[in-house]
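>>> okay, predicted coordinates and the sequence, questions at the end:
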Amino acid sequence: MERLALSESPFGASPEALAAARAEVERINHYPNSDTEPLRGALAAHYGVPADWVLVGNGADELILLTVLATCAAGGLAVTTERTFAGYTAAFETAGLTTRLVPLDESGPDIEALVDQARTADITIVCNPHNPLGRALAADEIRRVHEATVEGGGVLVLDEAYAEFAVAQEFTSGLTRIGDTRNVVVLRTFSKAYGLAGLRCGYAIGNPRVIDSMARLRNVLPYNVNRVAIAAATAALRDQDHLRRVVRDSIVSRALITEGLAAHGIRCLPSQANFVLAEVGPHREAFVRQIVSEHAIQVRDGHSLGFDRHVRIGVCRPDAVDRVVSAIADVHDRLDTPVGAL
C-alpha cells in the first residue's frame, strides 16, 4: 500500500533515530524526564535560543491546544483561515473562544482580511506553509499579520509543520520574529521531515512568557512525551545529513508528481510542503475509492479539507513517482470519460 493520504515521510526515520529508539526501549520501565531533556536543550542549541523559549509536546496538536489555553480566556476571539487544519478550531472550541474564519482560495488567504481580523483577536493561528493548500506566506505578509497582532495585543501562532520542505525563496519562518518582547509562537514537528509520526513529538519556540504559561499547563500531564520519542527525536535532530536527503528527495518527488500529472491534464497547486493538492474534478469521491481499491494508493479526500474537486497527494519516493502518476491518470481519465464515449 502506498500511503499518500497523511503526508507521512516515505523515507523513514534517520538510522540514528531508530538506533536511539531501540536502545531506549530497554529503559521503558523508567519515566522520561518531565522537562523532556535532553531534547529541549538540543533544540535550544540547534536554533540558538535560550532553553526557556522552547517547549516540547506530544505532537503539534497538543501544543496548539496548550497555546490557546495559555493565552486566551473563555469568550475571547480566535482567528484562522478557512479550509485549514481542523485542530485549530477544535482547540478554539475547547477553550470556549469565538472563532472567525478568514477567506482562503487557491492563491492563499485574504491577507487584508487576515490583517484586519488579527488586530482584534486574542490569538491568530496561521499554517505556513499552508495545509492543505501548500502555499507559503511571503515575508511581507507575515510582517503585516504580526504587526496587526502586536497592535491588538494578541498572539500570533505560526504552525510550520512543513517548513523543512519549503524553498528559501518562497518561505520566511516566524522564527525571525521571536524575541523577549514579541508575541510570536512557532510550532514545528518531528512527524513530517524527520519521519517520526508514530512517536508524536513536536515543539514550540516563542516568547518566554507564553512558553512558561504553556509549560505550567503542560505540568498537569508531566510525562506527556515518552522517553522513546525524546531519545529518537534528539538523535534525529543531530542527523541533519539524513534530513537534508529527505528534503531533497521530497522536493524532487513533489516536482515530478506535479509535472507528471500536468502532462495528463491534471492540475496541481504550487506547493512548499510534502504534498500537492491535485484537482480531479467532480468525481473526487469515486476517485479516492478507486485509486485505493485498484492501485493500492491512499490519497486524502479534499472534501474534509474544504476542497470538493481536489485530493491531497503526499510525496512518494522518487522511484515510485511513475507508478503513482500513471495510476492517478488512469483512474482520473476513466472517471472523466462520459458513459458511452469509449
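Received, thanks. Note that the structure is a prediction, hence the values are computed from the model and not measured. Residues are numbered from 1 along each chain as shown.
>>> run the chain-centre distance for stretch 54-63.
12 Å (C-alpha atoms, centre = their mean, to the nearest Å).
>>> not counting sequence-adjacent ones, nearest residue to Thr98?
Excluding the flanking residues, the one nearest Thr98 by C-beta to C-beta, 6 or more residues apart in numbering is Leu77, at 5.2 Å. Bear in mind the C-beta positions are built from the backbone N, C-alpha and C, glycine included.
>>> please report phi then psi for that neighbour.
phi -110, psi 130 (degrees, to the nearest 10).
>>> once you drop chain neighbours, what's closest to Ile142?
That would be Thr172: by C-beta to C-beta, 6+ apart, it lies 5.8 Å from Ile142.
>>> Ala139 contacts Glu170, correct?
No. Using C-beta atoms under 8 Å, Ala139 makes no contact with Glu170, being 10.0 Å away.
>>> what touches both of the two?
Common contacts of Ala139 and Glu170 (C-beta atoms under 8 Å, 6 or more residues apart in numbering): none found.
>>> surely Ala5 is within a strand?
No. Assessed with DSSP: H, G, I helix; E, B strand; the rest coil, Ala5 is coil; it does not lie in a strand.
>>> what number of residues lie near it?
A count of neighbours around Ala5, defined by other C-beta atoms under 10 Å, yields 18.
>>> mind checking the longest helix of the protein?
If you go by DSSP state H, the chain has its longest helix at helix 240-263.
>>> now that one - C-alpha only, CSV.
C-alpha atoms of helix 240-263 as CSV (Å, rounded to 0.1, in the frame of the first residue of the first chain):
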residue,chain,number,x,y,z
GLN,A,240,21.0,16.7,9.7
ASP,A,241,22.5,14.8,6.8
HIS,A,242,19.5,12.4,6.8
LEU,A,243,17.1,15.4,7.0
ARG,A,244,18.8,17.1,4.0
ARG,A,245,18.5,13.9,1.9
VAL,A,246,14.8,13.5,2.9
VAL,A,247,14.1,17.1,2.0
ARG,A,248,16.0,16.9,-1.3
ASP,A,249,14.2,13.7,-2.4
SER,A,250,10.8,15.1,-1.2
ILE,A,251,11.2,18.2,-3.3
VAL,A,252,12.3,16.1,-6.3
SER,A,253,9.2,13.9,-5.9
ARG,A,254,6.9,16.9,-5.5
ALA,A,255,8.1,18.4,-8.7
LEU,A,256,7.9,15.1,-10.6
ILE,A,257,4.4,14.4,-9.4
THR,A,258,3.3,17.9,-10.4
GLU,A,259,4.9,17.7,-13.8
GLY,A,260,3.7,14.2,-14.4
LEU,A,261,0.1,14.9,-13.6
ALA,A,262,0.2,18.1,-15.6
ALA,A,263,1.2,16.1,-18.6
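>>> in it, what counts as buried?
242-243, 246-247, 249-251, 253-254, 256-258, 260-261 (16 or more other C-beta atoms under 10 Å).
>>> same deal with stretch 173-186?
In stretch 173-186, counting by 16+ other C-beta under 10 Å, buried: 173-175, 177-178, 182-186.
>>> endpoint to endpoint, it covers what distance?
8 Å (C-alpha to C-alpha, to the nearest Å).
>>> where does pLDDT dip in the protein?
Applying pLDDT under 70 to the chain picks out residues 180-181, 337-342.
>>> what segments of this structure are strands?
2-3, 54-57, 77-81, 98-102, 104-105, 108-109, 123-127, 155-159, 184-189, 202-206, 275-279, 297-298, 300-301, 310-314 (DSSP state E).
>>> one step back: for the longest helix of the chain, what is the distance to the chain centroid?
17 Å.
>>> that one packs against which elements?
For helix 240-263, the packing partners by 3 or more C-beta pairs under 8 Å, 6 or more residues apart in numbering; DSSP states H and E come out as strand 275-279, helix 321-336.
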